[in-house]
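Asker: let me see the structure of the following:
(chains A and B)
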Number of protein chains: 2
Amino acid sequence: MSQGSSVPEPVTAVMDTAGAWLVRGLAEVETGLSEAVDRTGDLADRGTATLSAGGKRMRPMLVILCAGPDGGAPTIRAAVAVELIHTASLVHDDVLDRAPLRRGVPTIFSTDGRQTATSVGDALFAEAFGLLSRSGDMESVGTLSSTAVDLVRGELMQRAAAFDMELSEADYFTRCQLKTGSLFSAACVLGGQTGGAGDLEAMAGFGARVGLAFQLLDDVLDISGPADRTGKARGTDLLDGTVTLPVIEAIRTDESIAGIGMRDLDETSAGVLCDRIEETGALERVRSRALDLIGDAKSVLADSGLDRERVELLELVADGVVLRYS
Amino acid sequence: MSQGSSVPEPVTAVMDTAGAWLVRGLAEVETGLSEAVDRTGDLADRGTATLSAGGKRMRPMLVILCAGPDGGAPTIRAAVAVELIHTASLVHDDVLDRAPLRRGVPTIFSTDGRQTATSVGDALFAEAFGLLSRSGDMESVGTLSSTAVDLVRGELMQRAAAFDMELSEADYFTRCQLKTGSLFSAACVLGGQTGGAGDLEAMAGFGARVGLAFQLLDDVLDISGPADRTGKARGTDLLDGTVTLPVIEAIRTDESIAGIGMRDLDETSAGVLCDRIEETGALERVRSRALDLIGDAKSVLADSGLDRERVELLELVADGVVLRYS
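Answerer: The predicted structure is shown next:
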């Protein structure tokens, strides 16, 4: 994502292609996010700072696209709710990671402390459910609730496996599904539930695969940097003890990497480890796996029963996930 | 609450009077709480330990009583959801306070660390909304959502005013309404929404007053102890920098108390401060204010349109709040 631009790249690409309904929908999401944050009252300033730090709005875009041009207020509310849950989980993660930066700007944790950050996360969480309740669509509340539990389970799984260089690929993928795939999948399902016709299972499958690819590439970016593009230091995951697919892949080529004590890393040695991982060709292999997932996602999408316009736009979003990292 | 008994005192008093429907309802709430925790998967053991540490279940009881004998599955779900939100907020508060004990047993924070505790709180939060969604009653989701935001605002307000010996009585009451009154009020409203007839506004007013009285007496108990009854050390609020009505009342009699540096307190000097507050007669005056609130609550209840049995039972609950502390 380029710094300073009001609309991030992958969004722009899809918006150039889509009809006015997508542009309007995304603008309404921004308004809805501001309103939801305003409703939390005293917390507003802090919450707004984080929300306006420009996430990629991938999840709201998936909600709107899966709903299609016929998605009305319930679709927008679902899109806002999904982004609020995402943001709430980031705010809490930043507390747990004691993270100084997020999206290139100081975290609520760093400016206001862990207490305010924990509370702001809770409030955004509650707002998300309150918002969905206004649509009177109970299925959506259920979908979002179980996804929120998935996010938590993924986060706990990651922390339980911290500093474990023997993490299996299967456990890595389970964690990614919980941490990222689940909310992407829910975004698509919520779009389907609040909008036009389409096979919900196919949309869920598409979302989950795009989410996994997104996470894989995010994990590549943590190793490859550069920091001025990612908004955080290279090797941040390694310093947190988070073993990712690039590490697992690198160990397959160079077993000696498994012997590195992750607990002893500092910024310099983490940078050296990033270089070593890159030298094994692991990043290309993970990128290739992500591309395969995007291909799978598109195949699943073909069976979704969505109209041609929406399929093409969703394919653009899926491609955008990869392009962002090329 | 007496340690070791499976059913806490105030519950017993009401249950002796009520018909079988209340006993059955509370048993179903316990089952529902276990099931909700089980659904969070990996987190189950920890969550169960906290939930089974025996809260007073005041809030679920209010839900069930306000719903009356005709409250079915939606009432039980609402009662469970309210208790889950309450528990989630306690789990997060314990993280922020670094509290070793809650209800006399070790907190999740102390046994599993802040990361797990934060995640468990989030999961319980999400489960609460998921549960309500199954009833298809959107009003309930909205009620619970805005109450959850209130809890957060109250918590933040408390932290913003930490160590401020000049806290006004008005600010104290606003905070108590957000932290405690709001969820008690919501419990009554959710009961009314899911059960038999009755004036929701009157029920909300009753709940808010009982909640305020509950908080006032909780604040008295922090000063008076004894620790083996409260499950936490005497003066815990003072050590956390939380200025409560007993402190405000004490300063009215003995201005020199306002000059005490709360930041410098240790367990011994906090105990001495508790004695000084008690000597001013502040605890009796706060107890008397709480009694007035209970009286107000009963007056409001008289206009609720609830049948005689429910009114009597709710009055018993209100009296139980005071009796607990006499």
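Asker: for the rest of this, base every contact and every neighbour count on C-alpha atoms.
Answerer: OK.
Asker: where do the helices of the stretch 101-250 of chain A begin and end?
Answerer: A:108-133, A:138-160, A:169-176, A:182-194, A:200-224, A:227-230, A:236-239, A:245-253 (DSSP state H, counting those that start in this stretch).
Asker: looking at those helices, which is buried most?
Answerer: Sort the helices of the stretch 101-250 of chain A by mean neighbour count, taking mean count of other C-alpha atoms under 10 Å in any protein chain shown, and helix A:182-194 sits at the top with a mean of 29.
Asker: in terms of secondary structure, what does that helix contact?
Answerer: Contacts defined by 3 or more C-alpha pairs under 8 Å, 6 or more residues apart in numbering or on different chains; DSSP states H and E place helix A:182-194 against helix A:58-67, helix A:73-97, helix A:138-160, helix A:200-224.
Asker: closest residue of the stretch 151-300 of chain A to chain B?
Answerer: Taking C-alpha to the nearest C-alpha, chain B has its nearest neighbour within the stretch 151-300 of chain A at A:V152, 5.5 Å off.
Asker: B:R114 versus that residue, what's the distance?
Answerer: When distance is defined by C-alpha to C-alpha, to the nearest Å, A:V152 is 13 Å away from B:R114.
Asker: for the residue of the stretch 151-300 of chain A closest to chain B, which non-adjacent residue is spatially closest?
Answerer: Closest residue to A:V152 apart from its sequence neighbours, by C-alpha to C-alpha, 6 or more residues apart in numbering or on different chains: B:S119 at 5.5 Å.
Asker: which ones are touching that neighbour?
Answerer: Applying C-alpha atoms under 8 Å, 6 or more residues apart in numbering or on different chains, we find B:S119 in contact with A:152-153, A:155-156.
Asker: include pLDDT when you put those into TSV, please.
Answerer: Shown next, in TSV, are these (pLDDT from 0 to 100):
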residue	pLDDT
A:V152	84
A:R153	85
A:E155	84
A:L156	82
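Asker: write out the residues of the stretch 151-300 of chain A neighbouring chain B.
Answerer: Neighbours of chain B within the stretch 151-300 of chain A, by C-alpha under 8 Å from any C-alpha of the partner chain: A:152-153, A:155-156, A:159.
Asker: of these, which is the nearest to A:T75?
Answerer: The closest of these to A:T75 turns out to be A:V152 (C-alpha to C-alpha; 24.6 Å).
Asker: look up how far A:L90 lies from the closest one.
Answerer: For A:V152, the distance to A:L90 (C-alpha to C-alpha) stands at 11 Å.
Asker: what do you get for A:T31?
Answerer: 20 Å.
Asker: ok, back up a step: out of the residues of the stretch 151-300 of chain A next to chain B, which one sits closest to B:A186?
Answerer: Of these, the one sitting nearest to B:A186 (C-alpha to C-alpha) turns out to be A:V152, at 26.1 Å.
Asker: is it true that that closest one touches B:D122?
Answerer: Yes. With contacts counted by C-alpha atoms under 8 Å, A:V152 reaches B:D122, the gap being 6.8 Å.
Asker: residues contacting A:D150?
Answerer: So A:D150 contacts A:178-179, A:182 (C-alpha under 8 Å, 6+ apart).
Asker: quick check: chain neighbours aside, which residue is closest to A:P60?
Answerer: A:A79 (4.3 Å).
Asker: was I right about that neighbour contacting A:A67?
Answerer: No. Between A:A79 and A:A67 there is no contact under C-alpha under 8 Å: 10.1 Å.
Asker: which of those two has more neighbours?
Answerer: A:A79 (32 against 28; other C-alpha atoms under 10 Å in any protein chain shown).
Asker: state the pLDDT value of that one.
Answerer: What the model reports for A:A79 is a pLDDT of 96.
Asker: now swap in the one 5 residues further on and tell me
Answerer: For A:L84, the pLDDT comes out at 93.
Asker: export the helices and strands packed on helix A:182-194 to CSV and append columns for distance to B:S133.
Answerer: Listed next are the helices and strands packed on helix A:182-194 as CSV, based on distance: least, C-alpha to C-alpha, whole Å:
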stretch, distance to B:S133
helix A:58-67, 20
helix A:73-97, 15
helix A:138-160, 5
helix A:200-224, 19
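Asker: tell me the contacts of A:A213?
Answerer: Contacts of A:A213 by C-alpha under 8 Å, 6+ apart are A:289-291, A:293-294, A:321-322.
Asker: now, the most widely separated pair of those residues?
Answerer: Using C-alpha to C-alpha for every pair in those, the one that comes out farthest apart is A:R289 and A:V321, at 13.1 Å.
Asker: which residue is the nearest non-sequential neighbour of A:T244?
Answerer: A:D219 is the one closest to A:T244 (C-alpha to C-alpha, 6+ apart), at 6.4 Å.
Asker: measure A:G207 to A:S288 for me?
Answerer: From A:G207 to A:S288 the distance is 18 Å (C-alpha to C-alpha).
Asker: now A:D240
Answerer: On the measure of C-alpha to C-alpha, A:D240 and A:S288 end up 25 Å apart.
Asker: ramachandran angles for A:S135?
Answerer: phi -80, psi -10 (degrees, to the nearest 10).
Asker: thought it was touching A:I76?
Answerer: No. Applying C-alpha under 8 Å as the test, A:S135 and A:I76 come out as separate, 10.1 Å apart.
Asker: out of those two, which sits in the busier spot?
Answerer: Neighbour count, other C-alpha under 10 Å: between A:S135 and A:I76, A:I76 has more, with 29 against 17.
Asker: so for that one, what's the pLDDT?
Answerer: 95.
Asker: for it, what are its contacts?
Answerer: Contacts of A:I76 by C-alpha under 8 Å, 6+ apart are A:25, A:28-29, A:32, A:64.
Asker: point out where the stretch 1-150 of chain A drops to low pLDDT.
Answerer: A:1-12, A:40-54 (pLDDT under 70).
Asker: tell me the one of the contacts of A:I76 nearest chain B?
Answerer: Nearest member of these to chain B, counting by C-alpha to the nearest C-alpha, is A:G32, at 16.4 Å.
Asker: what's around the closest one, how many residues?
Answerer: 18.
Asker: for it, which residues are in contact?
Answerer: Neighbours of A:G32 in contact, by C-alpha under 8 Å, 6+ apart: A:76-77, A:80.
Asker: one more time with 10 Å, if that's ok
Answerer: A:G32 sits next to A:26, A:38, A:76-77, A:79-81, A:131 when contact means C-alpha atoms under 10 Å, 6 or more residues apart in numbering or on different chains.
Asker: again with A:W21
Answerer: Counted by C-alpha under 10 Å, 6+ apart, A:W21 has contacts A:15, A:27, A:64-65, A:68-71.
Asker: which one (most neighbours) among those?
Answerer: Neighbour max across those (other C-alpha under 10 Å) = A:I64, 31 neighbours.
Asker: tell me who's in contact with the nearest residue to that one once chain neighbours are set aside.
Answerer: Nearest non-adjacent residue to A:I64, counting by C-alpha to C-alpha, 6+ apart: A:G191, 5.9 Å away. Each residue near A:G191 by C-alpha under 10 Å, 6+ apart is listed here: A:60-68, A:71, A:74-76, A:78-79, A:140, A:185, A:197-198, A:200, A:203.
Asker: likewise for A:M165?
Answerer: So A:M165 contacts A:241-244, A:247-248, A:251, A:257-262 (C-alpha under 10 Å, 6+ apart).
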